[in-house]
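Colleague: Can you look at this prediction? I've put the sequence above it.
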Amino acid sequence: MMIKKKTSEITKHIAFQTLTMVVTSLGLVAALAWNEAIKEYVNVYIKPYFEQGSGVISLFIYAIAITILTVVASYQINKIARKFSTQE
């Protein structure tokens with residue numbers, strides 16, 4: 001009986017870890033998609049306003065945009081996490 005219980009706990013732990021890795025992987029794919037979308041936006045709509053060879057300026061604009069997006073998303077996610085943690 002004890003072995004059956006341990007096996008069940010291990011199976012649940014493995015399933016939880018697998019689901020965590022799948023969700024993390026999907027998050028990475030979404031982040032890469034946003035990365036490409038923002039880079040393309042900078043190239044199409046911002047880069048033309050700067051002189052030729054101003055790649056550094058475009059990269060800084062891109063980095064600032066990513067930083068702002070990350071800060072806003074992190075803040076919102078933490079707000080949601082706090083709501084869930086107070087409900088338990």
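Modeller: Cool, got the structure.
Colleague: Give me the neighbour count for Thr70.
Modeller: 12 (other C-beta atoms under 10 Å). From N, CA and C alone the C-beta is placed, and that goes for glycine too.
Colleague: Return the distance of it relative to Ala31.
Modeller: Using C-beta to C-beta, to the nearest Å, Thr70 is found at 9 Å from Ala31.
Colleague: same question, Phe16
Modeller: For Phe16 relative to Ala31 (C-beta to C-beta), the value is 22 Å.
Colleague: Which one's more surrounded, those two?
Modeller: The neighbour comparison of Phe16 against Ala31 (other C-beta under 10 Å) goes to Ala31, with 13 against 10.
Colleague: what packs against the helix or strand harbouring the more buried one?
Modeller: Following DSSP states H and E, one finds Ala31 within helix 2-41. Helices and strands touching helix 2-41, as assessed by 3 or more C-beta pairs under 8 Å, 6 or more residues apart in numbering; DSSP states H and E, comprise helix 55-87.
Colleague: Give me the buried positions along the helix it packs on.
Modeller: For helix 55-87, the neighbour count (16 or more other C-beta atoms under 10 Å) marks 58, 61-62 as buried.
Colleague: next one: stretch 39-47
Modeller: For stretch 39-47, the buried set under the neighbour-count rule, 16+ other C-beta under 10 Å, comprises 42, 47.
Colleague: Show the end-to-end separation of it, please.
Modeller: End-to-end distance for stretch 39-47, by C-alpha to C-alpha, to the nearest Å: 10 Å.
Colleague: Run through this protein and note the low-pLDDT ranges.
Modeller: Within the chain, the segments meeting pLDDT under 70 span 1, 53-54, 87-88.
Colleague: repeat that with 90
Modeller: Scanning the chain with the threshold set as pLDDT under 90 gives 1-20, 22-24, 26-27, 30-31, 34-67, 69-70, 73-88.
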